[in-house]
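got a predicted model here, sequence first, then my questions.
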Amino acid sequence: MQNEQNQSSKGILGYQASTPKFILRRYPPSDVLSALVKHYWIIHWDLTDQPPFSQTVLSHPNLNMVIEDGEANVFGVSRTTSSHMLEGRGAVLGVKFMPGGFYPFWGESALLLLENAKPASDIFGEEMKVLASSISNRLLSGENGEMLAAEVDQFFQRKLPKRDLLGEYVNEVVSLIAANPSIIRVQELANKTGSHARTLQRLFNRYIGVSPKWVIQRYRLHEAAEEMKNNDSIDWAHLALQLGYYDQAHFIKDFKAIVGKSPEGYKRTLIR
């Protein structure tokens with residue numbers, strides 16, 4: 001299990017400004033968990049004698065389990081952005097599940113966790129409380145992140161559910177959306193997968209907690225944020241059309257509703 005060095009910053013808004021504030025490392029899961037866990041992530045920060053820092057994230061269509069301050073909680077998808085306050089000195093370990101990877105462990109609809117969180121011990125038992133306490137203490141002491149991620153991986157191997165082919169199919173469909181920016185309509189996705197749009201809707205609600213339309217839009221917004229980060233001059237009308245909007249005004253409205261700033265306003269916050 002090795003640290004992933006080439007890390008995507010997609011979803012971490014204002015990444016250039018935030019990189020001096022924390023260190024993010026990701027670790028892949030074992031092969032047996034590859035259909036269930038996307039990766040483990042660890043964030044360290046030391047803002048001693050510095051003001052607190054708020055990091056905003058435009059989430060992916062994945063549920064996460066987060067171990068922090070001796071507790072473990074499972075977080076559903078956030079439909080807008082989520083902000084995380086970093087202050088003092090600290091560390092967090094997270095598990096980013098595959099889009100279809102959390103449901104097999106829980107067996108309940110991900111809709112129940114949309115914009116919500118649940119103690120991980122309610123799902124994985126009292127053993128999780130012991131693990132969370134141990135991991136938190138050792139994170140702060142500076143123990144090797146790869147070893148800690150491997151220990152969490154071993155925990156999930158012990159909880160390994162039976163294979164879920166529908167969950168693996170959801171993984172494939174989400175990967176298709178992420179890899180194909182040309183997909184901007186649910187019907188286009190249905191045509192490419194050979195599944196009925198209503199079938200995709202039911203599967204996405206159950207496994208991710210959001211609709212296929214939301215997932216398509218979220219990946220397109222990730223691409224928009226990356227475009228703003230990498231290019232000084234942007235043709236906003238052309239970008240809006242590329243993302244599947246009928247006009248620039250609708251793109252601006254959606255971006256502002258989700259991110260809290262207009263595209264131009266967000267771009268002005270970026271440090272080049």
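Great, that's in hand. Residues are numbered from 1 along each chain as shown.

can we go C-alpha only for contacts and neighbour counts from here?
Will do.

ok, which stretches of the stretch 151-272 of the chain are helices?
Assigned by DSSP state H, counting those that start in this stretch, the helices in the stretch 151-272 of the chain fall at 165-179, 186-193, 197-207, 212-230, 236-242, 248-259, 263-269.

just those helices: most buried one?
A comparison of the helices of the stretch 151-272 of the chain by mean neighbour count, using mean count of other C-alpha atoms under 10 Å, puts helix 212-230 on top with a mean of 20.

elements contacting that one?
With contacts taken as 3 or more C-alpha pairs under 8 Å, 6 or more residues apart in numbering; DSSP states H and E, helix 212-230 sits against helix 165-179, helix 186-193, helix 197-207.

coming back round to it: could you dump the helices of the stretch 151-272 of the chain to a markdown table with distance to Ile123 and mean pLDDT?
A markdown table is the format used below for these (distance: least, C-alpha to C-alpha, whole Å; pLDDT from 0 to 100):
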| stretch | distance to Ile123 | mean pLDDT |
| --- | --- | --- |
| helix 165-179 | 18 | 97 |
| helix 186-193 | 32 | 96 |
| helix 197-207 | 16 | 98 |
| helix 212-230 | 25 | 86 |
| helix 236-242 | 41 | 84 |
| helix 248-259 | 30 | 84 |
| helix 263-269 | 38 | 82 |
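
determine which of the ones you listed approaches Lys21 most closely.
Lys21 lies closest to helix 263-269 among the helices of the stretch 151-272 of the chain, at 16.1 Å (C-alpha to C-alpha).

what packs against that closest one?
So helix 263-269, by 3+ C-alpha pairs under 8 Å, 6+ apart, packs with helix 248-259.

hang on, Val173 packs against Gly194?
No - contact criterion C-alpha atoms under 8 Å: Val173 and Gly194 do not qualify, at 10.7 Å.

so who does Tyr246 touch?
By C-alpha atoms under 8 Å, 6 or more residues apart in numbering, the contact set of Tyr246 is Ala240.

got a pLDDT number for it?
Listed pLDDT for Tyr246 reads 78.

ok, back up a step: out of the helices and strands packed on helix 212-230, which is closest to Ser59?
Closest approach to Ser59 among those (C-alpha to C-alpha): helix 165-179, 13.4 Å.

which outside residues touch that closest one?
Here helix 165-179 makes contact (C-alpha under 8 Å, 6+ apart) with 35, 98-101, 103-104, 183, 189, 193, 203-204, 207, 215-216, 219.

ok, now with 6 Å
With contact meaning C-alpha atoms under 6 Å, 6 or more residues apart in numbering, helix 165-179 is reached by 99-100.

helix 212-230 and that one, what's the angle between them?
Here the directions of helix 165-179 and helix 212-230 differ by 40 degrees (axes from the mean of the first three to the mean of the last three C-alpha atoms, to 10 degrees).

can you put the helices of the stretch 151-272 of the chain in CSV and add distance to Val74?
Output for the helices of the stretch 151-272 of the chain, formatted as CSV (distance: least, C-alpha to C-alpha, whole Å):
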stretch, distance to Val74
helix 165-179, 18
helix 186-193, 28
helix 197-207, 14
helix 212-230, 20
helix 236-242, 34
helix 248-259, 22
helix 263-269, 29
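
Ser121: which of the ones you listed is closest?
helix 197-207 (19.8 Å).

take the helices and strands packed on helix 212-230 and write them to JSON lines, including distance to Ala72.
Below are the helices and strands packed on helix 212-230 laid out as JSON lines (distance: least, C-alpha to C-alpha, whole Å):
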{"stretch": "helix 165-179", "distance to Ala72": "23"}
{"stretch": "helix 186-193", "distance to Ala72": "35"}
{"stretch": "helix 197-207", "distance to Ala72": "21"}
